[in-house]
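> Following is a predicted model, sequence given first.
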Amino acid sequence: MGLLSAILMAPLAPVRGVVALAEVIQRQVEQEMNNPANTRRQLEDLEEARERGEITPAEEQEAQQQILEARIEPTAADESLSETE
């Protein structure tokens, strides 16, 4: 049975490889997004842009709010992952 299933499943091997690669990429992206150093860097970049006059204080405030909300609020994808685990 094992040999037969291996022969029948062989054409699906590339698909499984792509799925595995996608899962690795997803984990890496989640680690990057949840890294506190990235959030701090984004906030520092906003402050520097305001100091250079590229954005107004109001724009800085709005962008800060968006960054912090993205950090705090779980996305639908995060919720579905935690339900399946």
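Okay, I see it.
> Surely residue 42 is in contact with residue 68?
No - Residue 42 lies out of contact with residue 68 (Cβ atoms under 8 Å); the separation is 9.7 Å. From N, CA and C alone the C-beta is placed, and that goes for glycine too.
> So between these two, which is more surrounded?
residue 42 (17 against 13; other Cβ atoms under 10 Å).
> Which residue, other than its chain neighbours, is closest to the more buried one?
residue 67 (5.2 Å; Cβ to Cβ, 6 or more residues apart in numbering).
> Determine the longest helix present in this protein.
Counting by DSSP state H, the longest helix found in the chain is helix 13-33.
> all helices for the chain, in order.
Using DSSP H, helices in the chain cover 2-9, 13-33, 36-51, 57-72, 76-84.
> what sits up against the fourth one?
With Cβ atoms under 8 Å, 6 or more residues apart in numbering as the contact definition, helix 57-72 has outside contacts at 33, 34, 39, 42, 43, 46, 47, 49, 50, 55.
> got any ranges where this protein has weak pLDDT?
Along the chain, segments meeting pLDDT under 70 span 1, 74-85.
> switch to 50 and redo it
76-77, 85 (pLDDT under 50).
> Would you mind measuring from residue 2 to residue 42?
For residue 2, the distance to residue 42 equals 51 Å [Cβ to Cβ, to the nearest Å].
> Count the residues that sit near residue 55.
17.
> Then the one 10 residues further on?
Per other Cβ under 10 Å, the neighbour tally for residue 65 reads 10.
> Also the one 4 residues further on?
If you count neighbours by other Cβ under 10 Å, residue 69 ends up with 9.
> can you check residue 59 too?
Neighbour number of residue 59 under other Cβ under 10 Å is 13.
> Please report the distance of it from residue 35.
Distance from residue 59 to residue 35, by Cβ to Cβ: 24 Å.
> repeat for residue 13
For residue 13, the distance to residue 35 - Cβ to Cβ - is 33 Å.
> ditto for residue 9
In terms of Cβ to Cβ, residue 9 sits 37 Å off from residue 35.
> Same question for residue 43.
Where residue 35 is concerned, residue 43 sits at a distance of 13 Å (Cβ to Cβ).
> Could you do residue 27 as well?
13 Å.
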